[in-house]
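> Structure of the sequence below:
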Amino acid sequence: MFLIHYIKKFFKKKPNILEWSEFGLDNLLILEKLLDGILFRPFSVMVEKYKIFIYGLGVSDSESWCGAGTGYMSSFISDYKRKRCLFLQSIKNQLCHIEIFDDGGIIVQFEGKTPNEVWAKLNLLQRFSGDDLFGLKDSNTQKKLTQHQKPTCTFKDWNNLNVMEPLYLHHLKTRTLAIIDWHKLFENWSLQSSGIVELQSELASIYPSNHIFNDREFRAWKALIKAAGGTNITPFDKKESKVLQFNKIIYSNDLY
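I've put the predicted structure just below:
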């Protein structure tokens, strides 16, 4: 409900054409259904009196960005040249950006290599670091960034649904049929003595016989298997690759 509250508060005038109820956004059950499976939900953090709204997450291993990366976006409201303005902050194209808006649209924009560098160009709110104003230093933001890292696992985790579920949500859920028992593929694979499977035949065993795969769905499966420790060993062109094998040296059964 926070996102709706934030939007309603920011846009004080009600939209002329579309109302919340037309989308069902005033119904908690519908909202929960819409948010089911979404790995990131907007949230806010406080930096003294300023409420920083984080509405996009991107991750990296950059210490100068506090672990954030391309796709990270945050905003807050403050004064700029004696006017109440909206500050939009983002990380994209290897740079940190700040755009300042008033009622008439964008006033000015800045960019720098780091949050601290770009904020140094504004000569505003100097008692805070750029990292603080981007919302990056907050413990909740750091927790979300850690959770947002692409999930991975190894062969030893294949029978642990609690470990495997985040991989499914990240790579496959929105790209395939909801009725399939996706985890069955890994359960069967882990029981094999050879460790080698032919992907299309394995998928055929868990999908309806009349199901037709598209490229997007097949790519999602390959991404999921790669994240789970599967290695493509097909000696053909990538478009023809159908055989996958987990790394036996690292993931063989006798190590566990």
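
> My read is that Ile106 contacts Ile100, right?
Yes. The pair Ile106 / Ile100 is scored as a contact, 7.0 Å apart, by Cβ atoms under 8 Å. Backbone N, C-alpha and C define where each C-beta goes, glycine included.

> So for those two, which sits in the more crowded spot?
Ile100 (19 against 12; other Cβ atoms under 10 Å).

> Isn't the more buried one up against Val118?
No. At 11.8 Å, Ile100 does not count as touching Val118 under the criterion of Cβ under 8 Å.

> can you give me the strands in the stretch 151-256 of the chain?
196-198, 230-232, 243-246 (DSSP state E, counting those that start in this stretch).

> weakest of those strands by average pLDDT?
Mean pLDDT is lowest for strand 243-246 among these, at a mean of 48.

> Assign the nearest residue to Lys51 once chain neighbours are set aside to helix, strand or coil.
Leaving aside its sequence neighbours, Lys51 sits nearest to Ser44 (Cβ to Cβ, 6 or more residues apart in numbering; 5.2 Å). The three-state label given to Ser44 by DSSP: H, G, I helix; E, B strand; the rest coil is strand.

> I'd say Ser44 and Ser74 touch.
No. Counting by Cβ under 8 Å, Ser44 stays clear of Ser74, with 9.1 Å between them.

> Run through the stretch 151-256 of the chain and note the low-pLDDT ranges.
Scanning the stretch 151-256 of the chain for pLDDT under 70 picks out 234-256.

> and if we set it to 80?
Applying pLDDT under 80 to the stretch 151-256 of the chain flags residues 193-194, 232-256.

> Show me where it has its helices.
Secondary structure of the stretch 151-256 of the chain by DSSP state H, counting those that start in this stretch: the helices cover 161-171, 183-191, 199-204, 215-227, 248-251.

> export the ones you listed to a markdown table and tack on mean neighbour count?
Formatted as a markdown table, the helices of the stretch 151-256 of the chain follow (neighbours: other Cβ atoms under 10 Å):
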| stretch | mean neighbour count |
| --- | --- |
| helix 161-171 | 17 |
| helix 183-191 | 16 |
| helix 199-204 | 15 |
| helix 215-227 | 17 |
| helix 248-251 | 14 |
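
> mind giving me the domain ranges of the chain?
39-148, 155-255 (automatic domain parsing).

> Deepest in the core, which of the ones you listed is it.
domain 39-148 (a mean of 17; mean count of other Cβ atoms under 10 Å).

> mean confidence for that domain?
For domain 39-148, mean pLDDT rounds to 91.

> Quick one: distance of that domain to the chain centre.
17 Å (Cα atoms, centre = their mean, to the nearest Å).

> what's the answer for stretch 175-190, then?
Put simply, stretch 175-190 sits 22 Å off its chain's centre (Cα atoms, centre = their mean).

> so the residue nearest to Val108 when sequence neighbours are not counted is in which element?
Among residues not flanking Val108 along the chain, Ile100 sits closest, at 5.3 Å (Cβ to Cβ, 6+ apart). Counting by DSSP states H and E, the element that carries Ile100 is strand 95-102.

> Can you tell me how far the closest residue to Phe134 other than its chain neighbours is from Lys222?
In space, and not counting its chain neighbours, Phe134 is closest to Pro115: 4.4 Å by Cβ to Cβ, 6+ apart. Applying Cβ to Cβ, to the nearest Å, the value for Pro115 to Lys222 is 36 Å.
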